[in-house]
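**Q** Would you be able to build a 3D model of this:
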Amino acid sequence: LSGSHTRDLNIEEGDELAVYLEPDGEDFGIVATPHVFDAPTDAVVEVENIGKGTEMICFALPEEVADVLGVDDGKDRQVEWGIRGDELVGSVVRLDRA
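**A** Numbers count the residues shown, from 1 in each chain. Okay, here's the model as predicted:
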């Protein structure tokens, strides 16, 4: 994720984002939105870290989201993010990281 995207979306470490899933073909896409109170979910995460020059934003997926995606084994995952309006939309791209 480009560092300019977090600036454009006004996302900072410690901010809260609502996280939910949307159908994406046969899979699911992950949506992270700063509209915590307007999102169709109660699943809220805190932005733990925004990498400097590493194009990373880190947060823990809520258990119910991780369960549906099948990534509930405690391993780190990489998500490829895009921007839709003022939301992040992404999909899991790496499932085998130890």
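**Q** I'd like to know how far E46 sits from P62.
**A** E46 is 11 Å from P62, where distance means C-beta to C-beta, to the nearest Å. Just so you know, the C-beta spots here come from the backbone N, C-alpha and C atoms, and that holds for glycine as well.
**Q** These two - which one has more neighbours?
**A** P62 (16 against 11; other C-beta atoms under 10 Å).
**Q** what's the neighbour count on the closest residue to that one other than its chain neighbours?
**A** Once flanking residues are discounted, P62 sits nearest to A43: 3.8 Å by C-beta to C-beta, 6 or more residues apart in numbering. Residues contacting A43 under the criterion other C-beta under 10 Å number 17.
**Q** And the pLDDT at A43?
**A** You'll see A43 listed with a pLDDT of 90.
**Q** Verify the contact between it and L21 for me.
**A** No - assessed by C-beta atoms under 8 Å, A43 is found out of contact with L21, at 9.4 Å.
**Q** joint contacts of these two?
**A** V65 (C-beta atoms under 8 Å, 6 or more residues apart in numbering).
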